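Q: no sequence on this one, just coordinates:
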């Protein structure tokens, strides 16, 4: 069996402890790392945790389960894929954070891996995926950690939720959101939809949506589906005013019916504010514009899902 070992590194203008904290909390990863779509913590016991990750590798959506050991004192996090995604036979490694000065640190990302059947083509594919993802992740980690020390970060990244109460079953509401291939027939603001689901529960969704001003925007998202209570997503083709858009549809049923929510987390693209909204537009204007646009669409979708579920119950 051929085992490859590789190392990537970057220097970050932030304290080592701050870098470690961001890496230790996997719930931040879809926001920080471009390849990561969604992460679930499956088990936690002391310094050990078991996580499931959905991410792209060479542009293909994959998912795998890993075990991690966190050492806050040594500033290291070791990981080992428990159930790798083909063509990987085994994959593991270590994040090592080294303090250079009080305000700078070096992050080293080590990987070791092998391919199923020792196939040379698959080994090359894995090598390219590890190199691309590691380079992207370290660059994104640097941007995010350094930005966290800037005062304006909170203003640029924000979250909000739209919620409706439905006199119907959670499964029927879930089905409406899950069946996105029907949205162009069901939702007035959706012009065209392309939905693929090669791996059950992992969807690639591309659609053209109409804004309030009549303009049409093409967006692409990856969605992770948890029947019948949650659909998590990450947009990878974004409108001009955003550098990040992640979210979750959640469905909670009780005796009264179903509470359905659409949660969004957004980071604004300040470079495009003047071009899109005018020279005098501020970050606050951009926040209001993006919030309104996303909320209008998700509220409309929830209203149609409500009507669909209540009609089915009736």
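A: Great, that's in hand. Bear in mind the structure is a predicted one, so any value in this text is a computation, not a measurement. Numbers count the residues shown, from 1 in each chain.
Q: quick one: low-confidence parts of the protein?
A: Low-confidence segments of the chain, defined by pLDDT under 70, are located at 149-154.
Q: on contacts alone, who are the packing partners of the longest helix along it?
A: In terms of residue count, the longest helix belonging to the chain (DSSP state H) is helix 283-313. Under the contact definition 3 or more C-beta pairs under 8 Å, 6 or more residues apart in numbering; DSSP states H and E, helix 283-313 sits against helix 153-156, strand 157-166, helix 170-178, helix 183-186, strand 257-268, helix 273-277. (Each C-beta comes from the backbone N, C-alpha and C, glycine too.)
Q: who's in contact with the second one?
A: So the one you mean is strand 157-166. Here strand 157-166 makes contact (C-beta atoms under 8 Å, 6 or more residues apart in numbering) with 31, 173, 244, 256-268, 287, 291, 295, 298-299, 302-303, 305-306, 309-310.
Q: buried ones only from those, please, as a ChimeraX command.
A: This is how ChimeraX selects the buried members of the contacts of strand 157-166, with burial counted by 16 or more other C-beta atoms under 10 Å:
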select :31,173,244,257,258,259,260,261,262,263,264,265,266,267,268,287,298,302,305,306,309,310
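Q: for the chain, just list every one of the strands.
A: Taking DSSP state E, the strands of the chain run over residues 4-12, 36-45, 48-57, 60-71, 76-83, 88-101, 104-115, 157-166, 190-199, 202-210, 216-226, 230-237, 242-254, 257-268.
Q: now these in JSON lines, with distance to residue 147?
A: Below are these laid out as JSON lines (distance: least, C-beta to C-beta, whole Å):
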{"stretch": "strand 4-12", "distance to residue 147": "11"}
{"stretch": "strand 36-45", "distance to residue 147": "17"}
{"stretch": "strand 48-57", "distance to residue 147": "22"}
{"stretch": "strand 60-71", "distance to residue 147": "23"}
{"stretch": "strand 76-83", "distance to residue 147": "21"}
{"stretch": "strand 88-101", "distance to residue 147": "18"}
{"stretch": "strand 104-115", "distance to residue 147": "15"}
{"stretch": "strand 157-166", "distance to residue 147": "9"}
{"stretch": "strand 190-199", "distance to residue 147": "33"}
{"stretch": "strand 202-210", "distance to residue 147": "28"}
{"stretch": "strand 216-226", "distance to residue 147": "24"}
{"stretch": "strand 230-237", "distance to residue 147": "19"}
{"stretch": "strand 242-254", "distance to residue 147": "11"}
{"stretch": "strand 257-268", "distance to residue 147": "9"}
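Q: can you give me the angle the longest helix of the chain makes with strand 257-268?
A: Between helix 283-313 and strand 257-268, the angle comes out at 160 degrees (axes from the mean of the first three to the mean of the last three C-alpha atoms, to 10 degrees).
Q: leaving out the residues flanking it, which one is nearest to residue 202?
A: Distances taken as C-beta to C-beta, 6 or more residues apart in numbering put residue 61 closest to residue 202, at 5.2 Å, once the chain neighbours are dropped.
Q: residues contacting that neighbour?
A: 37, 54, 55, 199, 202, 204, 222.
Q: these two touch, right, residue 304 and residue 177?
A: No: here residue 304 does not reach residue 177: they are 9.9 Å apart, not a contact under C-beta atoms under 8 Å.
Q: more crowded one of those two?
A: The residue with more neighbours, out of residue 304 and residue 177, is residue 177; 23 against 17, by other C-beta atoms under 10 Å.
Q: got a list of what residue 145 touches?
A: Residue 145 neighbours (C-beta under 8 Å, 6+ apart): 12, 14, 18, 19, 22.
Q: so which of those residues is surrounded by the most neighbours?
A: Neighbour-wise, the contacts of residue 145 (other C-beta under 10 Å) top out at residue 19, 26 neighbours.
Q: does that one really touch residue 107, like I thought?
A: Yes: judged on C-beta under 8 Å, residue 19 makes contact with residue 107 at a distance of 6.0 Å.
Q: anything in contact with each of these two?
A: Contact criterion C-beta under 8 Å, 6+ apart; residues bridging residue 19 and residue 107 by contacting each: 12, 97, 141.
Q: with distance to residue 89 as added columns, please give those residues in TSV.
A: Output for the shared contacts of residue 19 and residue 107, formatted as TSV (distance: C-beta to C-beta, whole Å):
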residue	distance to residue 89
12	32
97	28
141	27
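Q: show me which of the residues you listed is closest to residue 27.
A: residue 141 (15.2 Å; C-beta to C-beta).
Q: pretty sure the closest one contacts residue 29?
A: No: shown here, residue 141 and residue 29 do not form a contact pair, counting by C-beta under 8 Å, at 9.9 Å.
Q: show me the domain layout of this structure.
A: Domain ranges of the chain: 4-148, 153-313, per automatic domain parsing.
Q: what sits against residue 224?
A: Residues counted as contacts of residue 224 (C-beta under 8 Å, 6+ apart) are 37, 38, 54, 63, 201, 202, 203, 231, 232, 233.
Q: give me the beta-bridge partners of the last one?
A: Taking DSSP bridges as the rule, residue 233 bridges to residue 223, residue 247.
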